[in-house]
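>>> Model the following, please.
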Amino acid sequence: MSSSINDFKSAIIRNGGIAKINRFYVTFAAIPGSPESTRDIPYLCEAASIPGKQITTLDYDIGTRRPIKIPTGYIEDDVTMTFIATNNNFIKTAIDKWMQKIINVDSYLLTSNYNDYKTEIGITQLDEQNKEVHKVTLQGAYPITLNSMELDNNSESTIQKVTVVFTYDKLKIIH
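This is a model prediction of the structure:
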């Protein structure tokens, strides 16, 4: 098959243009355990990922000494988000409170019912006209990692960031 730059351009045009990595926003239904509003989260989220999916398999040998892979289920990736830190530590404080609602730091016991510490998180990819082109909802989401915040005297004009890893019960894809 021979191709040309015109074929490439036609393929891009036929499929709505090239997706831009920086055209997205995230929304949180609530932040369990924190009275903070979620309205500023879309503006402070610098990076997010739309989770991938992997089919799990089991090797099955039918006596040929050459096993075949049998699909058994799937695993979805956890989601990492990076937020711009503010001087009042809005994101870090909210996530700390949320995590405290999940596990008591003194007793290491669950502090609430399973559904009380979960929320819905939406991740929406946009085109250059701000139209939604892909949206996923993380149902039953909660944080599992709040990364350390680095401090450095040599980074005078560097913006402070907060990175959080979320897990969830179900991924809902909205096309």
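
>>> Might you report the residue contacts of the residue most central in space within the chain?
Most central in the chain under Cα atoms, centre = their mean is Val79, positioned 3.1 Å from the mean C-alpha point. Taking Cβ atoms under 8 Å, 6 or more residues apart in numbering as the criterion, Val79 is in contact with 48-51, 121, 123, 138, 141, 165-168. The C-beta positions use only the backbone N, C-alpha and C, and glycine is treated the same way.

>>> redo that, cut-off 10 Å
Residues near Val79 by Cβ atoms under 10 Å, 6 or more residues apart in numbering: 26, 48-51, 121, 123, 136, 138, 141, 164-168, 171.

>>> Could you do Lys92 as well?
With contacts defined as Cβ under 10 Å, 6+ apart, Lys92 is in contact with 83, 85-86, 146, 149, 160, 162, 164.

>>> List the buried residues in the one helix or strand it maps to.
Using DSSP states H and E, Lys92 sits in helix 90-102. Neighbour counts using 16 or more other Cβ atoms under 10 Å place 90-92, 94-96, 98-99, 101-102 of helix 90-102 among the buried residues.

>>> and that helix, C-alpha only, in PDB?
Output of helix 90-102 as PDB, limited to C-alpha atoms (Å, rounded to 0.1, in the frame of the first residue of the first chain):
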ATOM      1  CA  PHE A  90      -6.400  23.200  49.300                       C
ATOM      2  CA  ILE A  91      -5.800  20.000  47.400                       C
ATOM      3  CA  LYS A  92      -3.400  18.400  49.900                       C
ATOM      4  CA  THR A  93      -5.600  19.200  52.800                       C
ATOM      5  CA  ALA A  94      -8.700  17.900  51.100                       C
ATOM      6  CA  ILE A  95      -7.000  14.700  50.100                       C
ATOM      7  CA  ASP A  96      -5.500  14.300  53.600                       C
ATOM      8  CA  LYS A  97      -9.000  14.600  55.200                       C
ATOM      9  CA  TRP A  98     -10.400  12.200  52.600                       C
ATOM     10  CA  MET A  99      -7.800   9.600  53.400                       C
ATOM     11  CA  GLN A 100      -8.300  10.100  57.100                       C
ATOM     12  CA  LYS A 101     -12.000   9.300  56.500                       C
ATOM     13  CA  ILE A 102     -11.000   6.000  54.900                       C
END
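
>>> Check which element follows it along the chain.
Assigned by DSSP H and E, the successor of helix 90-102 is strand 119-126.

>>> between that next one and helix 90-102, what angle do the directions make?
Per axes from the mean of the first three to the mean of the last three Cα atoms, to 10 degrees, the angle that strand 119-126 makes with helix 90-102 is 140 degrees.
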